[in-house]
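Chemist: Pasted the sequence and its predicted model underneath.
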Amino acid sequence: MSFYTFYYCFFLLLLLQHQFYHGTSELEVKYYSATCPNAEAIIKEEVTKLYHEHGNTAVSWIRNLFHDCMVKSCDASILLDEDPAAGVESEKSSTRNFGMRNFKYINTIKEALENECPTTVSCADIVALSARDAVQLLGGPEIEMRTGRKDSRESYAAVVEEFVPNHNDSISLVLSRFQAIGVDVEGTVALLGAHSVGRVHCVNIVNRLYPSVDPTLDPDYAEYLKRRCPTPDPDPKAVEYARNDLETPMVLDNMFYKHLLNHQGLLLVDQQLASDPSTLPYVENMAADNTYFHHQFARAMIIMSENNPLMGELGEIRKDCGRLNDH
Ligand code: HEM
Ligand SMILES: *[C@@H]1O[C@H](CO)[C@@H](O)[C@H](O)[C@H]1NC(C)=O
């Protein structure tokens with residue numbers, strides 16, 4: 001092959017790659033710069049205001065990203081309310097989404113955007129950007145997220161359990177669920193670091209306490225958990241819960257990994273990260289180095305946030321994040 005043929009092929013490849021790239025994903029940094037230049041600033045302002053009024057909203061925005069993006073795509077399907085007339089069974093009522101909260105404040109953010117630029121900014125991008133801003137408010141890393149997602153025209157309530165793992169699933173199942181959306185083992189270990197903030201209701205813990213205490217649990221920690229969750233059958237409506245991280249409950253830091261190494265993981269899936277040989281080295285490194293944890297967390301959040309984005313005509317820009325637009 002001559003020198004010129006080589007370069008010709010090389011350029012052809014570059015062109016093809018470029019086209020392929022645009023064919024599969026059009027998410028862009030600052031997608032709204034022309035159509036709604038203040039969109040990202042408005043979201044950040046609303047997320048910050050809400051955080052100062054109800055700190056837990058920031059925790060919820062991080063969980064939203066996981067539960068939305070894991071099921072088919074990041075398309076705000078998680079935000080749809082039950083609406084039999086429109087054929088919508090809400091994903092919110094799936095047991096996997098138990099405990100999710102603060103949904104009503106999403107529309108506070110949406111209304112601020114609608115006032116500035118009506119039906120321009122998707123609810124899916126609100127899910128992504130609010131998670132990004134929440135991470136920063138909770139002391140986590142800066143994350144550069146791309147935008148341009150559209151909102152789904154349906155809910156995937158019927159299949160949530162095929163995508164979102166359960167609190168007691170095996171490590172191999174958890175890793176395969178994340179691998180399916182392009183997140184590797186290191187990224188999965190980092191993403192579960194989100195459990196450095198927030199709470200867990202007793203229903204998700206009692207299997208580790210009754211009838212007998214999980215022997216991998218630190219005994220003092222088990223005593224604390226039994227005080228928080230005194231009966232084997234908690235009333236799911238009673239607000240009985242334990243905090244994920246007692247020392248720094250509202251900081252997205254590497255305390256989570258230190259607790260795992262001390263046998264103080266709250267969920268079985270969390271604790272397994274410290275017992276499986278494929279994940280333990282990452283747990284140790286993240287426990288030792290918060291900057292490394294933050295770097296991996298940001299990297300994996302971006303991958304998760306770009307899972308199979310719904311683009312162009314395939315979706316819509318909802319006016320109300322909890323309802324499909326009328327057609
Ligand atoms: C194997 C994967 C995961 C499982 C099985 C899982 C399961 C759970 C469970 C059972 C709860 C407690 C719900 C309750 O009782 O109220 C919870 C809370 C939470 N999860 Fe996960 N989770 C996983 C991954 C993630 C990821 C990847 C993120 C985000 C990056 C995340 C963010 C959160 C947050 C922030 C909370 C606290 C929510 C609050 O306090 O309102 N989780 N998770
Ligand atoms: C996991 O927990 C659920 C309750 O949330 C329980 O019904 C199920 O049997 C548990 N599975 C395993 C494998 O322990």
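Modeler: Structure's in. What do you need? Ligands and ions are numbered 1, 2, ... in the order given.

Chemist: all contacts plus neighbour counts: C-alpha atoms, from now on.
Modeler: OK.

Chemist: Now for Thr231, how many residues are close by?
Modeler: As a burial measure, Thr231 scores 14 neighbours (other C-alpha atoms under 10 Å).

Chemist: whoops, Phe98 was the one
Modeler: The number of residues packed near Phe98 is 14, by other C-alpha under 10 Å.

Chemist: Which residues of this protein lie near ligand 1?
Modeler: 59-60, 62-63, 66, 98-101, 165-167, 174, 191-192, 194-195, 197-201, 204 (C-alpha under 6 Å from any ligand atom).

Chemist: So which of the residues you listed are in strands?
Modeler: Assigned to strands by DSSP state E, the following of the residues of the chain next to ligand 1 qualify: 199-201.

Chemist: ok so, going back, can you say which of the residues of the chain next to ligand 1 are buried?
Modeler: Neighbour-count burial (16 or more other C-alpha atoms under 10 Å) is assigned, among the residues of the chain next to ligand 1, to 59-60, 62-63, 66, 99, 101, 165-166, 174, 191, 194-195, 197-201, 204.

Chemist: Just the ones in helices from those residues, please.
Modeler: Here DSSP state H is the test, and these give 59-60, 62-63, 66, 174, 191 as lying in helices.

Chemist: ok, the residues you listed vs Leu267, which is closest?
Modeler: Distance ranking of these against Leu267, using C-alpha to C-alpha, places Val174 first at 12.9 Å.

Chemist: Spit out the contact partners of the residue most central in space within the chain.
Modeler: Nearest to the mean C-alpha position of the chain, by C-alpha atoms, centre = their mean, lies Phe66 at 2.3 Å. By C-alpha atoms under 8 Å, 6 or more residues apart in numbering, the contact set of Phe66 is Met304.

Chemist: Phe293 - how many residues pack around it?
Modeler: Residues lying near Phe293 (other C-alpha under 10 Å) number 28.

Chemist: which SS state does it fall under?
Modeler: Taken by DSSP: H, G, I helix; E, B strand; the rest coil, the conformation at Phe293 corresponds to helix.

Chemist: With adjacent residues omitted, what lies nearest to it?
Modeler: Computed as C-alpha to C-alpha, 6 or more residues apart in numbering, the closest residue to Phe293 that is not its neighbour in sequence is Met286, at 4.9 Å.

Chemist: Okay, and that neighbour sits in which element?
Modeler: Per DSSP states H and E, Met286 falls inside helix 280-288.

Chemist: Tell me which residues of that helix come out buried.
Modeler: 280-283, 286-287.

Chemist: okay, the residues you listed in JSON lines with pLDDT next?
Modeler: Output for the buried residues of helix 280-288, formatted as JSON lines (pLDDT from 0 to 100):
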{"residue": "Leu280", "pLDDT": "98"}
{"residue": "Pro281", "pLDDT": "98"}
{"residue": "Tyr282", "pLDDT": "98"}
{"residue": "Val283", "pLDDT": "98"}
{"residue": "Met286", "pLDDT": "98"}
{"residue": "Ala287", "pLDDT": "98"}
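
Chemist: outside of the helix holding Met286, which residues touch it?
Modeler: Helix 280-288 is touched from outside by 186, 189-190, 254-258, 260-261, 273-274, 292-293, with contacts defined as C-alpha under 8 Å, 6+ apart.

Chemist: Show the residue spans covered by the helices in the stretch 51-200 of the chain.
Modeler: According to DSSP state H, counting those that start in this stretch, the stretch 51-200 of the chain carries its helices in the segments 56-70, 106-116, 123-137, 160-163, 171-179, 185-191.

Chemist: May I have the second one as CSV, with CA atoms only?
Modeler: Looking back up the chat, that one is helix 106-116. The C-alpha coordinates for helix 106-116 follow below in CSV (Å, rounded to 0.1, in the frame of the first residue of the first chain):
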residue,chain,number,x,y,z
ILE,A,106,-38.9,18.0,39.9
ASN,A,107,-41.8,20.1,38.7
THR,A,108,-40.4,23.1,40.7
ILE,A,109,-37.3,22.9,38.5
LYS,A,110,-39.4,22.2,35.4
GLU,A,111,-41.7,25.3,36.0
ALA,A,112,-38.7,27.6,36.3
LEU,A,113,-37.5,26.3,32.9
GLU,A,114,-40.9,26.6,31.4
ASN,A,115,-41.1,30.2,32.4
GLU,A,116,-37.9,31.0,30.6
